[in-house]
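Chemist: sequence plus the predicted model coming up.
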Amino acid sequence: MGARLKISILGSGTSTGVPTIACDCAVCSSPEAKNKRMRSSILITNLDTNEHLVVDTTPDFRMQMINHKVKRLNHVLYTHTHADHCHGFDDLRAFYFGPKLPIHCWLVKGQIPELKKRFDYAFNSTGYSGVIPTIELHEIPMSGPFNIIGLPIEAISLEHGHVLTTAFKIGSFAYATDFKRFNDRQIAHWRGTISHMVASGLRFREHPTHSSVDETLALFEKLQVKRGVITHLSHEVDFHRDSSKLPPNAEFAYDGLSFEVEI
């Protein structure tokens with residue numbers, strides 16, 4: 001395939017972000033920059049075309065785009081429609097101001113109605129007189145790869161409590177957040193095909209709907225991931241203290257981390 005990707009961690013935190021409001025724990029009080037986490041999202045840049053693709057528009061989306069100096073954006077992939085993954089949606093309108101081109105947002109079929117419900121003013125005549133996001137919604141095909149910014153993307157659905165979340169694989173790179181587990185069929189399908197993977201690992205303690213750090217490490221091993229990056233971290237994870245607990249091929253994400261992948 002030969003494409004070169006740059007993966008940038010826009011945010012590495014759980015739904016509350018870190019520091020968490022009204023919390024004075026050691027991590028939330030830490031001056032360490034790598035313990036300060038916006039809500040989880042990534043920026044994928046096709047280095048051969050200089051085109052961008054964002055996965056999720058978090059409540060921190062505006063500052064994430066400013067911090068990474070993104071001037072043009074045409075496509076957004078959504079993992080799911082929980083608030084911490086889509087409530088920066090309104091700020092997509094800024095990318096329409098200059099080129100006057102719609103932003104293409106991709107979701108699984110079952111979550112399109114939820115996005116429309118959350119941001120009704122953008123899709124229906126409500127009497128709202130302000131500038132609204134100019135959006136074209138697209139259904140993510142689950143039967144095979146689809147193409148965005150010249151990249152073939154494969155999607156799978158994972159259980160996340162009472163909802164499903166969508167994980168993505170682009171060549172040898174994979175991104176999965178807000179899931180509890182991969183089933184055996186999914187592991188067999190992706191095993192040995194991933195060089196770099198960013199996946200959520202909320203904390204070391206087990207959680208009913210999120211993969212823990214140890215469960216994510218076990219997933220990396222089952223998938224034979226060469227470099228695993230653990231994201232969607234809560235304030236129970238201290239970057240420096242807990243990094244020593246990880247194997248050599250795994251690391252914790254932090255806001256601003258970036259790396260390149262040949263796919």
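Modeler: That came through, no problem.

Chemist: so which residue is smack in the middle of the protein?
Modeler: In the chain, the residue lying closest to the centroid (Cα atoms, centre = their mean) is Ser41, at 3.6 Å.

Chemist: for the protein, give me the ranges with low pLDDT.
Modeler: The chain contains residues with pLDDT under 70 at 1.

Chemist: do you have the strands of it handy? List them.
Modeler: 4-11, 41-46, 51-55, 75-77, 103-107, 135-139, 146-148, 151-160, 163-170, 173-176, 196-200, 227-231, 250-252, 258-262 (DSSP state E).

Chemist: and the longest helix for the protein?
Modeler: Identified as the longest helix of the chain according to DSSP state H is helix 213-223.

Chemist: run through who's touching that one.
Modeler: 174, 181-182, 187, 190-192, 194, 197, 199-204, 206, 211, 225, 228, 230, 237, 242, 245-247, 249-250 (Cβ atoms under 8 Å, 6 or more residues apart in numbering). (C-beta placed from N, C-alpha, C; glycine too.)

Chemist: please convert the buried members of these into ChimeraX selection syntax.
Modeler: Buried members of the contacts of helix 213-223, identified by 16 or more other Cβ atoms under 10 Å, are gathered into one ChimeraX selection as follows:
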select :174,182,190,194,197,199,200,201,202,203,211,225,228,230,237,242,246,250
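
Chemist: hmm, back to that, quick one, the longest helix of the chain and strand 196-200 angle?
Modeler: Relative orientation of helix 213-223 versus strand 196-200 (axes from the mean of the first three to the mean of the last three Cα atoms, to 10 degrees): 150 degrees.

Chemist: neighbours of the closest residue to Ser243 other than its chain neighbours, how many?
Modeler: With Cβ to Cβ, 6 or more residues apart in numbering as the criterion, Ser243 has its nearest non-adjacent residue at 5.8 Å, and that residue is Phe252. Phe252 has 23 neighbouring residues, counting by other Cβ atoms under 10 Å.

Chemist: and the gap between Phe252 and Met63?
Modeler: Distance, Phe252 to Met63, by Cβ to Cβ, to the nearest Å: 21 Å.

Chemist: so how far is Met65 from the residue nearest to Ser243?
Modeler: Phe252 sits at a distance of 23 Å from Met65 (criterion: Cβ to Cβ).

Chemist: same check on Thr166?
Modeler: Thr166 is 22 Å from Met65, where distance means Cβ to Cβ.

Chemist: could you do Leu107 as well?
Modeler: Leu107 is 20 Å from Met65, where distance means Cβ to Cβ.

Chemist: now swap in Lys36 and tell me
Modeler: For Lys36, the distance to Met65 equals 18 Å [Cβ to Cβ].

Chemist: between those two, tell me which one has more neighbours.
Modeler: For Lys36 versus Met65, neighbours defined as other Cβ under 10 Å are more numerous around Met65 (22 against 18).
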